[in-house]
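J.: Provide a 3D model corresponding to the input given below.
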Amino acid sequence: MESVTAAPPSPVEIILFCIKHLPNSQIPQIIYAGNSRLSEKLKEISKEHQLKIYQTENVRPSFETENILPALSTLNQLSNQILVKRIPGLAYLFGNAQSQPISYSQGFGVMTKFLSNLNPLSSENALLIDFNKENMIIAGNENKIIKIFKQKNLMLNDGDQFLKKVVVSEIEKWISSEVDHSYLNDYIANKSIHPHSIPENKEDLKIEKSIFRFLLRDSYRNYRSETGNNNNFHHQILINGDYVSLYFSNEELILFLLDSIQPLGLTNLFVDKYGVLPVLGGIAGDNSILPVHLLDSNVISLLAKVFSISSKTRNETPILNVIIEFEDGSRLEELITKGTLKKLPATSGKSVKLFIQAIGNIESKTILKPFEKGVMVQGGSQGIIFDTRNRPIILPKDSTERMNTLRNWRKEMAN
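T.: Numbers count the residues shown, from 1 in each chain. Okay, here's the model as predicted:
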């Protein structure tokens with residue numbers, strides 16, 4: 001006997017199901033952003049059952065085309081109406097706004113799209129990270145389609161889930177000094193009870209930083225899993241430094257991003273010192289020039305230009321020959337080996353001519369092809385960095401060797 005697969009319910013059937021099974025007080029306001037052929041039928045349902053159905057343009061008019069802005073605008077309008085009813089005084093603020101306010105995460109998404117459009121290649125993508133006290137938001141794009149992932153900062157907002165999620169061994173292995181295992185367990189447990197406690201000494205600060213690395217790495221994995229974005233080539237990575245800058249210096253922030261995200265290819269690392277990026281996303285609808293001006297200022301600064309080169313050769317094998325030609329005509333030549341981090345000087349705001357010659361068996365040689373004849377580049381506040389560590393990064397199993405490796409990476413970034 002052949003099995004029969006039932007067809008998925010239509011939007012109209014879903015709406016009618018909600019009307020039939022939900023109490024009147026719980027029937028939601030409905031936004032329909034689908035095929036316009038159902039428009040008349042939805043009007044009939046709305047009138048017959050006294051429903052509020054808001055119809056807007058189709059979010060997917062064709063398989064290749066995405067048209068999400070009209071639906072977002074309607075969603076914002078309804079969200080703002082709900083907020084006005086719940087929060088006294090908000091109506092006055094909204095009434096004095098030049099345009100309709102948008103959510104924090106949507107402002108983040110707007111700027112992700114803006115930064116992605118700065119590069120004409122659809123294969124290049126930006127990754128924006130907002131690590132704050134309340135949430136962790138990661139927004140990226142793949143082939144010009146924006147994808148946003150958001151989750152609570154478990155350490156500060158959900159102690160029980162934090163304890164369930166945390167992997168103590170992952171935190172322990174990224175600490176560059178010997179830590180008593182029972183002390184580490186107690187520290188993590190205490191953090192779940194008193195999330196706003198601050199480190200009392202340097203050793204506690206190292207634990208805290210390793211917890212941050214674990215949380216960002218875990219969020220990035222979740223972002224990739226839920227959005228289906230498996231691209232490790234991020235042309236730009238920008239982090240909101242409003243909160244994390246309290247714990248990390250600029251040198252440490254670079255290592256924090258490289259260890260957590262583990263990008264490949266050529267990446268520009270930026271930090272948003274004051275958390276203005278989502279605000280710029282809200283402003284962009286009224287003044288599209290202002291975000292450009294602020295991006296050109298030191299409010300959002302370039303930390304470093306990073307070359308993350310993967311190779312299947314053994315560690316310490318030479319794979320790149322790099323030459324930097326400075327404006328005064330002087331030159332610096334450096335041999336880059338597999339499995340290392342190397343920081344080279346390039347003054348922020350000034351250009352140098354960068355030559356890169358692959359001399360070993362490396363992957364993604366096409367990325368380095370233009371640099372064989374020299375390319376003018378601008379370094380960040382921390383210069384130009386070459387990261388030739390394994391992907392994923394593999395730390396030595398021996399504890400002494402592992403801690404020495406971590407210290408050497410931090411020492412190199414501090415040079």
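J.: Show residues contacting the helix or strand Asn80 falls within.
T.: For Asn80, the host element (DSSP states H and E) is helix 69-86. The contact list for helix 69-86 (Cβ atoms under 8 Å, 6 or more residues apart in numbering) reads 29, 31, 33, 54, 56-57, 59, 90-91, 94, 100-103, 106. Backbone N, C-alpha and C define where each C-beta goes, glycine included.
J.: Wait, Ile323 touches Arg331, no?
T.: Yes - Ile323 lies in contact with Arg331 (Cβ atoms under 8 Å); the separation is 6.0 Å.
J.: more neighbours, those two?
T.: A direct count of neighbours by other Cβ atoms under 10 Å for Ile323 and Arg331 places Ile323 higher, at 16 against 11.
J.: how near is the more buried one to Asn315?
T.: Per Cβ to Cβ, to the nearest Å, Ile323 is found 23 Å from Asn315.
J.: Equivalent analysis for Leu16, please.
T.: From Leu16 to Asn315 the distance is 64 Å (Cβ to Cβ).
J.: And for Arg331?
T.: Arg331 sits 27 Å away from Asn315, taking Cβ to Cβ as the criterion.
J.: again with Gln26
T.: 60 Å.
J.: Please say which of the two ends up with more neighbours.
T.: A side-by-side neighbour count of Gln26 and Asn315, using other Cβ under 10 Å, places Asn315 first with 13 against 8.
J.: contacting residues for the nearest residue to that one once chain neighbours are set aside?
T.: If the residues on either side of it in the chain are set aside, Asn315 comes closest to Gly339, at 3.4 Å by Cβ to Cβ, 6 or more residues apart in numbering. Residues near Gly339 by Cβ under 8 Å, 6+ apart: 315-316, 388-390.
J.: Give me the buried subset of those.
T.: 388-389 (16 or more other Cβ atoms under 10 Å).
J.: Redo the contacts of Gly339 as CSV? Include pLDDT and secondary structure.
T.: Output for the contacts of Gly339, formatted as CSV (pLDDT from 0 to 100; DSSP: H, G, I helix; E, B strand; the rest coil):
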residue, pLDDT, secondary structure
Asn315, 90, coil
Glu316, 91, coil
Thr388, 95, coil
Arg389, 95, coil
Asn390, 93, coil
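J.: closest to Val12 among the contacts of Gly339?
T.: Lowest distance from Val12 to the contacts of Gly339 (Cβ to Cβ) belongs to Asn390, with 53.2 Å.
J.: Only alpha carbons, please: show stretch 380-400 as PDB.
T.: Presented in PDB, the C-alpha positions along stretch 380-400 are these (Å, rounded to 0.1, in the frame of the first residue of the first chain):
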ATOM      1  CA  GLY A 380      45.600  48.900  11.500                       C
ATOM      2  CA  SER A 381      46.500  50.200  15.000                       C
ATOM      3  CA  GLN A 382      48.200  46.800  15.600                       C
ATOM      4  CA  GLY A 383      49.800  46.500  12.100                       C
ATOM      5  CA  ILE A 384      49.500  43.500   9.800                       C
ATOM      6  CA  ILE A 385      49.200  40.000  11.200                       C
ATOM      7  CA  PHE A 386      49.800  36.600   9.600                       C
ATOM      8  CA  ASP A 387      48.000  33.600  11.300                       C
ATOM      9  CA  THR A 388      49.200  30.200  10.000                       C
ATOM     10  CA  ARG A 389      47.800  28.100  12.800                       C
ATOM     11  CA  ASN A 390      45.700  25.000  12.100                       C
ATOM     12  CA  ARG A 391      42.000  25.300  11.500                       C
ATOM     13  CA  PRO A 392      40.500  24.400  13.900                       C
ATOM     14  CA  ILE A 393      43.300  25.600  16.200                       C
ATOM     15  CA  ILE A 394      44.800  22.600  18.000                       C
ATOM     16  CA  LEU A 395      46.600  23.200  21.200                       C
ATOM     17  CA  PRO A 396      49.400  20.900  22.500                       C
ATOM     18  CA  LYS A 397      48.300  18.200  24.800                       C
ATOM     19  CA  ASP A 398      51.200  18.600  27.200                       C
ATOM     20  CA  SER A 399      50.100  21.300  29.700                       C
ATOM     21  CA  THR A 400      53.500  23.000  29.900                       C
END
